[in-house]
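Visitor: My questions are about this predicted structure, shown below with the sequence.
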Amino acid sequence: MDMRKLGTTDIDVTSICLGTMTWGQQNTEAQAHEQLSYAVDERAINFIDTAEMYPVPTKRETQGRTEDYIGTWLKARGKRDDLIIATKVAGRSGMVWTRDDKVSQTRHTAEQINMAVENSLKRLQTDYIDLYQLHWPDRDIPSFGFHSYKDYDEDEMVPLLEILQSLQRHVDKGNIRHIGLSNESAWGTMKFLQIAEANGLPRMQSNQCVYSLIARRFDYDRAEIAMREKVGLLAYSPLGMGVLTGKYDGGDVPEGSRGALFKGFMENYKKSSDSWMDANKTAQALGLTPTQFALKFVESREFVTANIIGATSMAQLRENIDAHSIVWTDAMEAEATRLHETYRCPLGR
């Protein structure tokens, strides 16, 4: 595990980030606290990622519970300043319960950003958020996987300048230290950087996107931005919702798994089973577990700031952290390249 700079900031984050989206749905508060204490105090991970909409799948009854769990742990533990806490504000969606049903849509307006920041601070029981991310664009574009582009009405988007100005006010107040993106396009990333530089506003320091052995669209354009502009990738779903662990290879869906609990999440992965089964067999041929191959691949990319791992059990968490300790070799790189050339991006993301 390395220490890596978060964008152009003076913050060093661990190359492993603890993801939290199962807490409050698949994990209890006690289990969340156990994971946090192990990752932070025993394994020296300093980077924790969450979101106002978590746990996933989001719903009115549980929204915000993940931040609540982190908040109670932070209050009990203390030592807030040795951690980097990242959270996110929802983009354009129908999840109006995140705004107390006071709006018809969640958007990145100044008023909604204000409400979201204040609510996250309360739930997290902290005075500041180290990295505040736009969870997906305010623009009316598909953000979670598509194969062809369809344009949108530019007049219907909250101007990027206004979004940055809204975030600037919270930076000035000390509520937010730095800002970042999530599920953002190459165009959106560069426009945010251009507007920030031209107007003396905070710059985006990261872009959190799906990335794995079978989902490598970030390589096509945003990776160059990450390198040249120092907007590094915070990679989520590096195990492809679990398919890159090998547990689905036999065709069975393990009881208690995300595939069993949230069947809709697995449809794209079922369509791409040839790719992940090949990846898992390749790992074994290399003398690795599928988890080791998948997680170390992501961490080895030079444009990755941190690899976001999540687990529903302590055994999974230990395995995921330990997987990063292997040495990435030329043989592994060759096989990762072969997989990509054979299947490209089967998930369409």
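Guide: Arrived safely. Residues are numbered from 1 along each chain as shown.

Visitor: quick one: stretch 9-29 to chain centroid distance?
Guide: 9 Å (C-alpha atoms, centre = their mean, to the nearest Å).

Visitor: Give me the most central residue, this protein.
Guide: Closest to where the C-alpha atoms of the chain average out (C-alpha atoms, centre = their mean) is Y236, at 4.2 Å.

Visitor: need the helices for this protein, in chain order.
Guide: Secondary structure of the chain (DSSP state H): helices at 29-37, 65-77, 110-124, 160-173, 186-199, 222-229, 258-261, 267-271, 273-285, 290-299, 314-323, 330-343.

Visitor: other SSEs contacting the fourth one?
Guide: Using 3 or more C-beta pairs under 8 Å, 6 or more residues apart in numbering; DSSP states H and E as the contact criterion, the secondary-structure elements in contact with helix 160-173 are helix 110-124, strand 129-134, strand 176-182, helix 186-199. C-betas here are computed from N, CA, C, even on glycine.

Visitor: and of those, who's closest to Q205?
Guide: Of all the helices and strands packed on helix 160-173, it is strand 176-182 that lies closest to Q205, at 5.0 Å by C-beta to C-beta.

Visitor: Output that closest one in PDB, but only the C-alpha positions, please.
Guide: C-alpha atoms of strand 176-182 as PDB (Å, rounded to 0.1, in the frame of the first residue of the first chain):
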ATOM      1  CA  ILE A 176     -15.000  21.600   2.800                       C
ATOM      2  CA  ARG A 177     -11.300  21.300   2.300                       C
ATOM      3  CA  HIS A 178     -11.200  20.100  -1.300                       C
ATOM      4  CA  ILE A 179     -13.700  19.100  -4.100                       C
ATOM      5  CA  GLY A 180     -13.900  16.300  -6.600                       C
ATOM      6  CA  LEU A 181     -16.000  14.600  -9.200                       C
ATOM      7  CA  SER A 182     -17.600  11.200  -9.600                       C
END
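
Visitor: Pull the distance from it to the chain's centre.
Guide: On C-alpha atoms, centre = their mean, the centre of strand 176-182 falls 13 Å from the chain's centre.

Visitor: mind checking how far the closest residue to D100 other than its chain neighbours is from K271?
Guide: Among residues not flanking D100 along the chain, M115 sits closest, at 7.8 Å (C-beta to C-beta, 6 or more residues apart in numbering). According to C-beta to C-beta, to the nearest Å, M115 and K271 sit 38 Å apart.

Visitor: just Y132 next, same as before
Guide: Distance from Y132 to K271, by C-beta to C-beta: 34 Å.

Visitor: try R177
Guide: Using C-beta to C-beta, one gets 40 Å for the distance from R177 to K271.

Visitor: Tell me which of the two has more neighbours.
Guide: Between R177 and K271, R177 has the larger neighbour count (other C-beta atoms under 10 Å), namely 19 against 12.

Visitor: can you pull the contacts of Q292?
Guide: Contacts of Q292 were listed using C-beta atoms under 8 Å, 6 or more residues apart in numbering, and they are A283, A323, I326.

Visitor: picking that back up, which of the helices of the chain sits closest to T87?
Guide: Nearest to T87, of the helices of the chain and by C-beta to C-beta, is helix 110-124 at 5.1 Å.

Visitor: C-alpha coordinates for the closest one, CSV please?
Guide: Only the C-alpha atoms of helix 110-124 are listed here, as CSV (Å, rounded to 0.1, in the frame of the first residue of the first chain):
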residue,chain,number,x,y,z
ALA,A,110,-26.7,26.4,-4.6
GLU,A,111,-29.6,25.8,-2.2
GLN,A,112,-29.4,22.0,-2.6
ILE,A,113,-25.7,21.9,-2.2
ASN,A,114,-26.0,23.9,1.0
MET,A,115,-28.6,21.5,2.3
ALA,A,116,-26.6,18.5,1.4
VAL,A,117,-23.3,19.7,2.9
GLU,A,118,-25.0,20.7,6.2
ASN,A,119,-26.8,17.4,6.5
SER,A,120,-23.7,15.4,5.8
LEU,A,121,-21.7,17.3,8.4
LYS,A,122,-24.4,16.6,11.0
ARG,A,123,-24.6,12.9,10.2
LEU,A,124,-20.8,12.5,10.1
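
Visitor: List the buried residues for it?
Guide: By neighbour count on 16 or more other C-beta atoms under 10 Å, the buried set for helix 110-124 is Q112, I113, M115, A116, V117, N119, S120, L121, R123, L124.

Visitor: go on, stretch 143-151?
Guide: Across stretch 143-151, burial judged by 16+ other C-beta under 10 Å covers S143.

Visitor: And the contacts of that stretch?
Guide: G91, W136, P137, I141, P142, N183, V210, N268, L347, G348, R349.

Visitor: would JSON lines of those with distance to G78 and neighbour count be doable?
Guide: Compiled in JSON lines, these are given as follows (distance: C-beta to C-beta, whole Å; neighbours: other C-beta atoms under 10 Å):
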{"residue": "G91", "distance to G78": "33", "neighbour count": "24"}
{"residue": "W136", "distance to G78": "33", "neighbour count": "22"}
{"residue": "P137", "distance to G78": "36", "neighbour count": "24"}
{"residue": "I141", "distance to G78": "42", "neighbour count": "19"}
{"residue": "P142", "distance to G78": "42", "neighbour count": "16"}
{"residue": "N183", "distance to G78": "33", "neighbour count": "23"}
{"residue": "V210", "distance to G78": "34", "neighbour count": "23"}
{"residue": "N268", "distance to G78": "42", "neighbour count": "17"}
{"residue": "L347", "distance to G78": "41", "neighbour count": "24"}
{"residue": "G348", "distance to G78": "44", "neighbour count": "16"}
{"residue": "R349", "distance to G78": "39", "neighbour count": "22"}
